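Asks: Build the 3D model from these lines:
(chains A, B, C and D)
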2 protein chains.
Amino acid sequence: MGRAGLTTERLTRAGADLADEVGFDEATVSALARRFDVKVASLYSHVKNSEDLRTRIALLALEELADRGAAALAGRAGKDALTAFANVYRDYAREHPGRYAAAQLRLDPETAAASAGGRHAQMMRAILRGYDLAEPDQTHAVRLLGSVFHGYVSLEASGGFSHSEPGPQETWPWILDALDALLRIWPESPLESPPNKPHLSSTRLER
Amino acid sequence: MGRAGLTTERLTRAGADLADEVGFDEATVSALARRFDVKVASLYSHVKNSEDLRTRIALLALEELADRGAAALAGRAGKDALTAFANVYRDYAREHPGRYAAAQLRLDPETAAASAGGRHAQMMRAILRGYDLAEPDQTHAVRLLGSVFHGYVSLEASGGFSHSEPGPQETWPWILDALDALLRIWPESPLESPPNKPHLSSTRLER
DNA sequence: TAAATTGCCTATAGGGGTTAGGTAGTTGCC
DNA sequence: GGCAACTACCTAACCCCTATAGGCAATTTA
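Replies: Okay, the predicted model is just below:
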């Protein structure tokens, strides 16, 4: 019997492919062994355990996503950058649902620190350079972008709003327009609505 | 040996509690049987299978969340309503992480239709009555709210931005302020920035 | 070419999911 | 009050996934 040529690299990559095909949770060590036509125990020389495999797939996904993001940001600024970057997230999640799910895996702090996660935050900050936000607003805005991108993509993936009109393909650009508008007007906006004073629309409802 | 008094109801509720304690994925049929000090097979008279149990927990969570949302919206409008409703999501996810994770479970279309999911969408529409949005903007806005709420809560839960300053407790109100501002200015906003024309900030970067 | 290493194997053990079929308690009806 | 029907829970058995220990053969290295 020849050798299958297993390596941690190849297992991780094949695991990611498997995850895209059958779902991250179903991308098990057993299924991966079957795919390489190898006994399950053989994988344990290359991967510490199931969680290790899952973590490696997650790190791969984060890396790929960051690479795509960087490529999309190159030569772009302002809304153009915002849109391109957002589309990277959405497209990646659609093309690679298993990998995207993996990227959501909760990593322990040290692993997270060594991951491409930091690059993601840096890229969002780069996008925000196209807008006029000083700290701490910038950090808040990074989190808002992360929330919207992830929230939208994950709701869309779970079929959240696929059964109503208009279709999600119209909502996505609308949301990007809205985010762009928000970031542009934000610097002045807080002055317009003191937190404690009820604003127009709430009074409008009362009559 | 006396009877344990199992019912589908009680199993679902106990399963939800278990999920909150050990995580949704670890809330297994076996663990639930142990909790009732009963053999695993006994549960199968009350629950069709593992997936059935998970679905029931998800439906319970959606229902509870909708009830809390409705209570929060009563007597509120405008930003007040927006904030109260958003806090319901966030607080629920923090108090009941397992239940919240369950609520994210992908349901098959008929189950989803019979779930409290519709109430959630209706409540968001109710919030938007405090702002001046006509269709299809209203639908888009519902999806934006859903994306932000879910995205933020889920990133916060997975430790996404817990290791940087300022803490999430400052970001959350900032995001709600931003959403409120966005919804108030939206009706005029599209006119200010034609989609194709590069806007100020992108030119600002170039020099 | 012998030694060391590597790559994959068999064997084994434990846990969760699921079904079939059995046996006590409980309920309902005459 | 007693028997039938039902209910609640059980044992036993099987499959799949995870994980570890220890073995042998192919490959590399000296």
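
Asks: use CA for all of it now, contacts and neighbours both
Replies: Will do.

Asks: quick one, helices of chain A?
Replies: Assigned helices in chain A, in chain order: A:8-22, A:29-35, A:40-43, A:50-73, A:78-95, A:97-103, A:109-114, A:117-128, A:137-157, A:168-185, A:189-192, A:200-206 (criterion: DSSP state H).

Asks: What residues sit buried inside the longest one?
Replies: Along helix A:50-73, these residues count as buried under the neighbour rule (16 or more other CA atoms under 10 Å in any protein chain shown): A:53-63, A:65-70, A:72-73.

Asks: now do the fifth one
Replies: In terms of neighbour count (16+ other CA under 10 Å), helix A:78-95 has its buried residues at A:78-90, A:92-94.

Asks: What of the third one?
Replies: Going by neighbour count (16+ other CA under 10 Å), the buried part of helix A:40-43 is residue A:43.

Asks: helices or strands up against that helix?
Replies: Judged by 3 or more CA pairs under 8 Å, 6 or more residues apart in numbering or on different chains; DSSP states H and E, the packing partners of helix A:40-43 are helix A:29-35.

Asks: who touches the helix it packs on?
Replies: By CA atoms under 8 Å, 6 or more residues apart in numbering or on different chains, the surrounding residues in contact with helix A:29-35 are A:11, A:14-15, A:18, A:39-40, A:42-43, A:50, A:53.

Asks: okay, the residues you listed in TSV with distance to DNA strand D and pLDDT next?
Replies: As requested, the contacts of helix A:29-35 are exported to TSV (distance: CA to the nearest atom of the strand, whole Å; pLDDT from 0 to 100):
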residue	distance to DNA strand D	pLDDT
A:11	13	97
A:14	14	97
A:15	11	98
A:18	12	98
A:39	9	96
A:40	6	97
A:42	7	96
A:43	8	97
A:50	3	97
A:53	8	98
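
Asks: Closest one of these to residue A:28?
Replies: For residue A:28, the closest of these turns out to be residue A:50, at 7.2 Å, with distances computed as CA to CA.

Asks: Is it correct that that closest one is in contact with residue A:25?
Replies: No. At 10.9 Å, residue A:50 and residue A:25 do not qualify as touching, with contact defined as CA atoms under 8 Å.

Asks: Output the below-cut-off pLDDT ranges for chain A.
Replies: Low-confidence regions of chain A, defined by pLDDT under 70, span residues A:1-2, A:187-207.

Asks: same thing but at 50, please
Replies: Per-residue confidence of chain A (counting by pLDDT under 50) places the weak regions at A:191-207.

Asks: Residue numbers of it in contact with DNA strand C?
Replies: Counting by CA under 7 Å from any atom of the strand, the positions of chain A adjacent to DNA strand C are A:2-7, A:37-42, A:45.

Asks: Can you tell me, leaving aside adjacent residues, what's nearest to residue A:84?
Replies: The spatially closest residue to residue A:84, leaving aside those adjacent along the chain, is residue A:72, at 5.7 Å (CA to CA, 6 or more residues apart in numbering or on different chains).

Asks: what's the answer for residue A:56, then?
Replies: Once flanking residues are discounted, residue A:56 sits nearest to residue A:12: 6.2 Å by CA to CA, 6+ apart.

Asks: any idea how far that neighbour is from residue A:62?
Replies: In this structure, residue A:12 lies at 13 Å from residue A:62, with CA to CA, to the nearest Å as the measure.

Asks: Equivalent analysis for residue A:151, please.
Replies: Summarising the geometry, the distance separating residue A:151 from residue A:62, computed by CA to CA, is 17 Å.

Asks: For chain B, give me its nearest residue in chain A.
Replies: Scanning chain A for proximity to chain B using CA to the nearest CA identifies residue A:151 as nearest, at 3.6 Å.

Asks: what's the burial count for that residue?
Replies: By the criterion of other CA atoms under 10 Å in any protein chain shown, residue A:151 has 25 neighbours.

Asks: pretty sure it contacts residue B:149?
Replies: Yes. The criterion here is CA under 8 Å, and residue A:151 meets it with residue B:149 at 7.5 Å.

Asks: count of neighbours near residue A:174?
Replies: 17.

Asks: quick one: it and residue B:140 touch, right?
Replies: Yes. Contact status for residue A:174 versus residue B:140: in contact at 6.9 Å, counting by CA under 8 Å.

Asks: and residue A:137, how many neighbours?
Replies: Per other CA under 10 Å, the neighbour tally for residue A:137 reads 17.

Asks: how far away is it from residue A:126?
Replies: Computed as CA to CA, the residue A:137 to residue A:126 distance reads 14 Å.

Asks: One more: residue A:113?
Replies: Noted for residue A:113: a distance of 19 Å to residue A:126, by CA to CA.

Asks: Just want to know which of these two has more residues nearby.
Replies: residue A:126 (17 against 12).

Asks: For chain A, which residue gets nearest to DNA strand C?
Replies: Nearest residue of chain A to DNA strand C: residue A:4, at 3.1 Å (CA to the nearest atom of the strand).

Asks: how about that residue, phi and psi?
Replies: Backbone geometry at residue A:4, expressed as degrees, to the nearest 10, gives phi -90, psi -20.

Asks: If anything else comes up later, I'll come back, but that's it for now.
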